[in-house]
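K.L.:
Sequence first, then the predicted structure:
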Amino acid sequence: MMAANSLLVELFVEELPPKALKRLGETFAAALADSLRAQGLIDALAQATAFASPRRLAAHVTHVHPKAPDRALAQKLMPVAVGLDKAGDATPALVKKLAALGLGVEAIASLRRQMDGKAETLFLDITQPGASLAEGLQKAVGEALGKLPIPKVMGYQLADGWQTVHFVRPAHKLVALHGDAVVPISVLGLAAGRETHGHRFEAAADPIVICDADSYAAQLESEGAVIPGFAARRAEIERQVAAAARLAGAGLAPVDDDALLDEVTALVERPNVLVGQFEEAFLDVPQECLILTMKANQKYFPLLDASGKLTNKFLIVSNIRPADTTAVVGGNERVVRPRLADAKFFFDQDRKKSLESRLPGLARVVYHNRLGTQGERAERVRAIGHAIVNRMRMHTVPYTALAKDEFDVLDSKVQEAARLAKADLLTDMVGEFPELQGIMGGYYARHEGLRDGVAIAIEDHYKPRFAGDALPRNHTGTVVALADKLDTLCGLFGIGQLPTGDRDPFALRRHALGVIRILIEKGLVLDLPEILEAGFAAFPPDLLDKGAAGRLAEFIYDRLANQLREQGYSAQQVDAVLALRPQRLKEVPRLIEAVRAFAGMPEAVSLASANKRVGNILKKVEGGVQAAVDAELLAEPAETALHAALLEVRPAADRAFEAGDYTGSLKSLAALKAPVDAFFDQVMVNADDARLRANRQGLLALLHATMNRAADLSRLAA
């Protein structure tokens, strides 16, 4: 085999969509390497490196062979009985098959006989020539382009004015080098060469002639003023941003936003981070508004002080490096000023109207064509919140540090916050920046001097907005946030708008996880069925499917199972806990920890297997079995011993369970291992005597009930 060499393929195109650039680059390189590997053109040592900048997609692959090795293949022809007559001569069927392969009857002598199943079969041993790099790369590039996650394809004409091709953006150059040799392929109407372009304004040479595949990145940097690697360019921006923040002032730090960093990396080829500033008067506007407008509209990095408060300085990631940066900085400062002025205008105008005065307008804002308006939604959230408070009041265990006589005050605050929570949807600021809904409602509520805690609840009622987000900060916000999520889940499940596959347009998975986190992390003494009942009861009768409550409960348990597995619990441990459908989700963390502790005990495997066996026996008994034992009917020593062990273990296990010591409850079951093993070794459950059989089944039912209070331990059996 000829020596392997590095391969470089680059498509030079017009500006690619920035939010998709990273994935485009990674997919192009990976798909190209996968295709070359499948064709035998690269070996196990090969490494693929992706390059992606605003105007190029490229891949560098090491250890690429100029030709794939030939492959020996055994082609199955037909059974011997069909291909050869009694004299051993070829039948017409075999002659026709050989002719189709370009062979004559003389090839019969080289055919091989081999058993294939029960029939002796004729095989032809052939050598398939390996693909040349030109052939293989032509195929690989085509496959790679076909796999790109292109947001939207556009059609454009080639230079001849006749042909139209389709790609994410018009392509203008194609580079394909194996070592220092051009690989003769063509893609999107372009013939491969070794020329590309660098930075629009700052390249030292144009075009840039790539010497060989391995010099690509270095030449683009030195001659083209371009950092072609996405990761390298991102790291350089991070380094410059950190350095510029230090120079801008002591203790200043940029906002932490990976998505913004990725987007900026996709917008520049030669990053140059500069410091700009705006008038301090704009800092009177809520900092969330200013930060959002700077990030979303201008792609700037706002600078925060040591306490996390926004300053009037920001970082600009420029694509040019002039000797004098005054014009660049000044231009960006002029551009951002009107954006900030708009935010200030919206904030000032919004505060001229109270949240209360905006409520009638919610009746004209459609939430969902089958679920009514935002006004109706706000009323449902209020009703669900009221029901949740009442259920908290009824439980014997008080809600987190809240005395019984304080529930009326909590209910009043919940009612007020729920009524006003959606009012900011009608403000100018939220109209411009929908991401600020809830946040602006909190600011406007504080401006109006609403009661303590109500403004915070309005601000927090969407929380948690995403994975890892903080939960509502006070009792009122906790109840309203839970009610808001229940309204969304119950309503959309009730009309059949369920998530499917990757599609979840109403973010119902996120809402379900929000319900789970609030119930567990806030330690709410609420049962899942009762809050779902409150959610469905808030809708008009007959509007929702009556079977939706069960489907929604299963959906929530599925999300909880996924969350627990992501936290490191095994699938068996999760199944053991959730098989019993614990209604009070706040107990789940302690239940799963108890199951994990039990699973680590030496007796666990035997007890889990026995539990599974007991469950299978009881399932086969028609009419069910009562967990009751008549001691006088215990005939065998082993069943007497098991009954005695249960009488000793069950009270202790139950006391621990009732006290919330689930680990202690499960660990106490270890004492049952020996009597359970002896029972199954020495006792025939299905005795001929019906009374003995029923009593033994009752003993097993008692054992089953004792073992499965905290979890279905049979799920731990292999």
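P.N.:
Received the coordinates, thanks.

K.L.:
Work out the gap between stretch 370-377 and the centre of the chain.
P.N.:
The chain centroid and the centroid of stretch 370-377 are separated by 30 Å under C-alpha atoms, centre = their mean, to the nearest Å.

K.L.:
swap that for stretch 657-666, sorry
P.N.:
Mean C-alpha position of stretch 657-666 versus that of the full chain (C-alpha atoms, centre = their mean) differs by 34 Å.

K.L.:
and if you look at stretch 301-311?
P.N.:
Counting by C-alpha atoms, centre = their mean, stretch 301-311 is centred 30 Å from the centre of its parent chain.

K.L.:
tell me how far the ends of it are from each other?
P.N.:
One end of stretch 301-311 to the other measures 11 Å (C-alpha to C-alpha, to the nearest Å).

K.L.:
residues in contact with that stretch?
P.N.:
The contact list for stretch 301-311 (C-beta atoms under 8 Å, 6 or more residues apart in numbering) reads 241, 245, 248-249, 251-255, 257, 260, 283, 287, 290-291, 294-295, 313-315, 317. In this view, the C-beta of every residue, glycine as well, is placed from N, C-alpha and C.

K.L.:
which residues does residue 711 contact?
P.N.:
If you count contacts by C-beta under 8 Å, 6+ apart, residue 711 has them with 576-577, 579-580, 591, 594-595, 598, 666.

K.L.:
Which residue, neighbours along the chain excluded, lies closest to it?
P.N.:
residue 576 (4.1 Å; C-beta to C-beta, 6 or more residues apart in numbering).

K.L.:
From residue 606, how far off is the residue lying farthest from the centre of the chain?
P.N.:
What lies farthest from the middle of the chain is residue 87; by C-alpha atoms, centre = their mean that is 67.3 Å. Residue 87 is 69 Å from residue 606, where distance means C-beta to C-beta, to the nearest Å.

K.L.:
go on, residue 59?
P.N.:
Distance, residue 59 to residue 606, by C-beta to C-beta: 55 Å.

K.L.:
Equivalent analysis for residue 368, please.
P.N.:
54 Å.

K.L.:
Between residue 59 and residue 606, tell me which one has more neighbours.
P.N.:
Taking residue 59 and residue 606 together and counting by other C-beta atoms under 10 Å, residue 59 has the greater number of neighbours (26 against 17).

K.L.:
To which secondary structure element type does that one belong?
P.N.:
For residue 59, the secondary structure call by DSSP: H, G, I helix; E, B strand; the rest coil comes out as strand.

K.L.:
repeat for residue 497
P.N.:
Residue 497 - assigned by three-state DSSP - is coil.

K.L.:
just checking, it touches residue 506?
P.N.:
Yes: look at residue 497 against residue 506 with C-beta atoms under 8 Å: they come within range, at 6.3 Å.

K.L.:
chain center to stretch 34-48, what's the gap?
P.N.:
On the basis of C-alpha atoms, centre = their mean, stretch 34-48 is displaced by 30 Å from the centre of the chain it belongs to.

K.L.:
cool, stretch 78-85 as well?
P.N.:
Put simply, stretch 78-85 sits 56 Å off its chain's centre (C-alpha atoms, centre = their mean).

K.L.:
same deal with stretch 435-446?
P.N.:
Between the centre of stretch 435-446 and the centre of its chain there are 28 Å (C-alpha atoms, centre = their mean).

K.L.:
got the buried residues for it?
P.N.:
Residues 436-445 are the ones in stretch 435-446 that count as buried (16 or more other C-beta atoms under 10 Å).

K.L.:
Name the residues that touch that stretch?
P.N.:
When contacts are taken as C-beta under 8 Å, 6+ apart, the neighbours of stretch 435-446 outside the stretch itself are 286, 288-289, 292, 347, 350-351, 354-355, 420-425, 427, 429-430, 454-456, 458-462.

K.L.:
same question, stretch 240-254
P.N.:
Outside of stretch 240-254, the residues that reach it under the criterion C-beta under 8 Å, 6+ apart are 271-275, 301-306, 311, 313, 315, 317.

K.L.:
now stretch 501-518
P.N.:
With contact meaning C-beta under 8 Å, 6+ apart, stretch 501-518 is reached by 463-467, 471-472, 478, 481-482, 485-486, 488-489, 492-493, 497-499, 524, 531, 555-556, 559-560, 563, 585.

K.L.:
Just the buried residues of the residues you listed.
P.N.:
Using 16+ other C-beta under 10 Å as the burial test, the contacts of stretch 501-518 include 463-464, 472, 478, 481-482, 485-486, 488-489, 492-493, 499, 524, 531, 555-556, 559-560, 563, 585 as buried.

K.L.:
From the residues you listed, which land in strands?
P.N.:
Among those, the subset assigned to strands under DSSP state E is empty.

K.L.:
Among those, which are located in helices?
P.N.:
The helices, defined by DSSP state H, take in 478, 481-482, 485-486, 488-489, 492-493, 531, 555-556, 559-560, 563 from these.

K.L.:
For stretch 583-591, buried residues please.
P.N.:
Neighbour-count burial for stretch 583-591, counted by 16+ other C-beta under 10 Å, picks out 584-588, 591.

K.L.:
for the buried residues of stretch 435-446, which one is nearest residue 7?
P.N.:
residue 436 (48.7 Å; C-beta to C-beta).

K.L.:
can you pull the pLDDT of residue 265?
P.N.:
Residue-level confidence at residue 265 comes out at 97, pLDDT.

K.L.:
my read: it touches residue 235, true?
P.N.:
No: look at residue 265 against residue 235 with C-beta under 8 Å: they stay out of range, at 9.2 Å.

K.L.:
okay, these two: which has more neighbours?
P.N.:
Per other C-beta under 10 Å, whichever of residue 265 and residue 235 has more neighbours is residue 265, with 27 against 13.

K.L.:
the helices in the stretch 301-450 of the chain, which residues?
P.N.:
Secondary structure of the stretch 301-450 of the chain (DSSP state H, counting those that start in this stretch): helices located at 326-350, 355-362, 374-394, 407-420, 428-432, 439-447.

K.L.:
Contacts for stretch 71-91, please.
P.N.:
Stretch 71-91 has contacts (C-beta under 8 Å, 6+ apart) with 40, 93-94, 97-98, 101, 105, 108, 111-113, 116, 119-128, 130.

K.L.:
Good, wrapping up.
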